[in-house]
Structure formats: structure tokens, C-alpha cells
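> One predicted model, sequence on top.
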Amino acid sequence: MKKGIIVGLFVVIAPLVLNAQDTIRVLHYNLLVYGASMASCNQTNNNVDLKDQYLNIIINHTRPDIFTVNELGRGPTGNPSENAQRILNNVLNTGGRTFFRAASYTNQANQSIANMLFFNGQRFRLHSEQVIAVIERDINLYRLYLNNPAKLVLGDTTYLNLIVSHFKAGSTADDQQTRLSEANAVMSFIESRNLTGNVMFLADFNMKSAYEIAFQTLTFHPNTSIRFHDPVTAPGNWFENPDVARYHTQSTRTSTPACFITGGMDDRFDLILLSNALIWGTRGLQYVEGSYHVVGQDGVRLNRSLIDPVNTSAPMAVIEALYNMSDHLPVGLQLVTRPAILSSDRTIFGEPVGLHFNNPVRDFLNLRITGFSGMVEVSVYSVTGNRMLTLSSQQFYEGAVLRVDVSNLTPGIYLVRVASPKIAPMVKMLLKH
């Protein structure tokens, strides 16, 4: 008969103080047919000269180190990299900036639009790039590494893998099947190469619900080591859901000339998903809890435009630039460089059980137990033995993330007790500073 699990975690909770040089800003944006004419979009209603001005305002406001995009159009002269170079020259490397670089342009799908990566060349170098699959469009993999001369001399550095995709649009069964094929292609690639390090999936997913099979394939893959995580808690349907309004990315307009989609903000199409390593910080980079955001979204736009009612979530010039630039909003988050966190596996009564958690703790303590499914209860105690909060007993599934909100606790040291009747005791130490 197995004993109950008693998992003790000494947790130091303190304000998160980051050096600006340690913070990495990531931005993903659907540029709405930048620099090309297709369907109803042309140089009159989607003028690239004006888009450069709008995008410059947005970049100056968000200041990304990594900038991935969908819908980069082919150059009008036939030069495949012309529009990428245009963004470098007219938007990114302006105002005293000279450090942005671009990946290579690919368009094996032979479509009018493609993906692209731009990055801060002072902070990152491009290690490699390839096309994972060609289904509706190219699915690109870009591998960056931190430009840290001291570590490079020692033959050591931190890698970041960026998967950029633009999934098939539409709501028919065939459309959803195509998106499932795209998701399967990505996960099969990751699994075949054991790509379990720092991986981000940045895309216009074109999905209306977390229930869609393609999204379930990404976030509940049978191989728990390669599952992606949504940085925010947004299960269920996203379309016209007021509970998800702060994460809606399309559409910025309720009425529009040709080219722009109408209907107001009601879809969460654009997302950034994260691998286990980025959630836990086990490979030198960690997601900054609470940093995920939709630029220009204040959460009161449901079926409304970006500008009506008045939007004060960013300076007015930025809101107007977002409104005119695209019918999508950009999605951003922050990473921070970290040493490897505490995480270990052990065998208990012949069964391998692993406890993994984020270090340091900011607003949420994220617990993941491998080799275990069952009911768990989490309690947080002060060092004097007072119980500060309890997360009532609930079903825990293998490889899932159990989030404990500790944002209301005063900075200090706490004991966290995780209990289940199924597994023997296990104790860990966790430090936050």
C-alpha cells in the first residue's frame, strides 16, 4: 500500500528585479499582406509606404529583440527578399538602430505571402534555419543563440528555437483538417529530433477554440516532453467570448474599406506557445510570468473596433498605427535569462516520479509532476506554520501544469505542501530572489 505524497517546497517569494539587459522582448504580428497585392488588398487601400510609418511607431513602442511576422508579401520587382530588406531599412534599423538582422526568405509553397524573422543582432546570432513542412504555406524553424562572447569562448551558449507558421484559415471540416495536418507536421518534426529545449511557436493559428483538435495536438500531445503551453489560462471557445476579450487579436475594425476584415475584436487567432523548458527555465531562458499581452488590447473591445470606444491602453499614436497597419494585433511576451532551475526525478517504490517547478516564483508557482496522475491538494504555509492558502483537491493529469496563485502573499519564505494518496513523500527546495 502506497503512502501519501507530502511534497515540501521552501519557497522564497520576492519582487522580481530584472536587469534590462537580461530581458528579451518577443513580438509576433500578422502584417496584413505587407508589400504585395492579393485578393482585395492593393497599394491604394494597403499602401506599403504608409505601413512603414505605422510599423515604425509600433516597433518604437514595443522595442522587440525578436520580431516574427506573417503575411510578408513578395517584392514587386521579383526579388524574394525585397520586402524583408525594406522593413529592415525603413522600420527596424532607423532612429539610431543599426543592429537588426533578418533570416532568409523562403516561400516553397509559392504563395503571395510568407513568414519572416527579424532579430537584434547584438543579442542573438542566427545558427540555422529550415522549412519544417510545406502544407498551406511554409512552416519555418529558426534557431538563434545568445550572443554571449564569454560563453562562446567556452563553447557554451543558450539556444532558442522559433517555429513560425500561418495556419489555414476557415471554419469548414476541410479547413480544420488542414490545420490538424500542419500541427501534426510540427509535432512529428519536434519528436523525431527530440527538440525538447527552448522552443516557441509563434503563429496566426486561425483557430476559434482551444477545443480544436489541431490545438489539442499541440498542447496535449501524448508525448508530454514536447507539449506546448499557452502562457495564459484561456480554455474553451475563444470566438466572441468576453472572458478571453483581452487576448483577442482580430479584427481591429467594425467597418472597413476592402482588404481589412470587419466585425470588431472577436477572434484569438494570433498566439505564442511555449515549450516546457521556457516555462520552467531549465535551458537558460524563462518566460516572465504575466508578460504575455496583446498590444493595444484593453479587454473592452468585444465586437468593437480598436478605436471606439477610446482606447487608452497605449499612446494614441500607437493605437492609431495599430488600427491602420493591419486587421490583426501583435502579441508579445518577455523572456529572461536564467541559470538552470531545480528539477529532478526519482524512483519511488519502483515508479519514476518527477517534480518540476519554476524558479524563481513571481505571481504563480507552476508545478508539474511526471509519472503521476490523480487527485492532489496544495497548501501554502508560513515558516511559523500558519496556513496562508489552499488549492482544494482536484484532478491532476500526467505532464499538466498546476498553477498556484501566490500573487497576494507578502514576499518571504513559505512551505508548500502537495498531498496525494497515491505517491510516497518527496521534498524539494525552491528559491526565489
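Yes, it's here. Residues are numbered from 1 along each chain as shown.

> Quick check: which element contains the residue nearest to N90 when sequence neighbours are not counted?
Sequence neighbours aside, D52 is the residue nearest to N90 in space, at 4.3 Å (criterion: C-beta to C-beta, 6 or more residues apart in numbering). Where C-beta positions appear, they are placed from N, C-alpha and C, glycine not excepted. In this structure, D52 is located in helix 48-62 according to DSSP states H and E.

> Name every strand pairing with the helix or strand following that helix and say which way it goes.
Next along the chain after helix 48-62, taking DSSP H and E as the criterion, comes strand 66-73. Paired neighbours of strand 66-73 in the sheet (DSSP bridges): strand 23-34 (parallel), strand 113-120 (antiparallel).

> now strand 66-73: mean pLDDT?
Mean pLDDT, strand 66-73: 97.

> which residues are contacting that strand?
24-38, 59, 83-84, 87, 92, 100, 105, 112-120, 124, 144, 160, 162, 164, 166, 202-204 (C-beta atoms under 8 Å, 6 or more residues apart in numbering).

> hmm, back to that, for the helix holding D52, packing partners?
Under the contact criterion of 3 or more C-beta pairs under 8 Å, 6 or more residues apart in numbering; DSSP states H and E, helix 48-62 touches strand 23-34, helix 82-87, helix 316-325.

> Please name whichever of the ones you listed is nearest to N237.
With C-beta to C-beta as the criterion, N237 lies closest to strand 23-34 of the helices and strands packed on helix 48-62, at 21.0 Å.

> Quick one: neighbours of H221, just the number.
19 (other C-beta atoms under 10 Å).

> try D22
D22: 11 surrounding residues under other C-beta under 10 Å.

> got a list of what it touches?
V336, T337.

> Check the gap between it and T282 for me.
To T282, D22 is 17 Å away according to C-beta to C-beta, to the nearest Å.

> List the contacts of A36.
G73, R74, P76, N83, S112, I113.

> Give me the nearest residue to the last one, chain neighbours excluded.
So that's I113. E71 (4.4 Å).

> And for the first one?
Residue nearest to G73 in three dimensions, not counting chain neighbours: A36, with 2.3 Å by C-beta to C-beta, 6+ apart.

> Ok, the second one next?
Taking C-beta to C-beta, 6+ apart, and ignoring the residues beside it in sequence, R74 has A36 as its nearest neighbour in space, at 5.3 Å.

> re earlier: for V310, find the nearest of the strands paired with strand 66-73.
Proximity to V310 (C-beta to C-beta) singles out strand 23-34 among the strands paired with strand 66-73, at 23.2 Å.

> Please identify the buried residues of that closest one?
Judged by neighbour count (16 or more other C-beta atoms under 10 Å), strand 23-34 contains these buried residues: I24, R25, V26, L27, H28, Y29, N30, L31, L32, V33, Y34.

> any low-confidence regions in the stretch 201-350 of the chain?
339-350 (pLDDT under 70).

> Show me where it has its strands.
Using DSSP state E, counting those that start in this stretch, the strands of the stretch 201-350 of the chain run over residues 270-274, 285-287, 293-294, 331-337, 343-348.

> For PyMOL, write a command that selects the buried ones of the contacts of strand 66-73.
A single PyMOL command selects the buried members of those (16+ other C-beta under 10 Å):
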select buried, resi 24+25+26+27+28+29+30+31+32+33+34+35+36+37+59+83+84+87+92+100+105+112+113+114+115+116+117+118+119+120+124+144+160+162+164+166+202+203+204
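
> can you give me how far the helix holding D52 is from the chain middle?
With C-alpha atoms, centre = their mean, to the nearest Å as the basis, helix 48-62 stands 22 Å off its chain's centre.

> was I right about S393 contacting M375?
Yes - counting by C-beta atoms under 8 Å, S393 touches M375, with 5.1 Å between them.

> D175 falls within a helix, correct?
Yes - assessed by DSSP: H, G, I helix; E, B strand; the rest coil, D175 belongs to a helix.

> and it, how many neighbours does it have?
16.

> OK, contacts around it?
K168, A169, N206.
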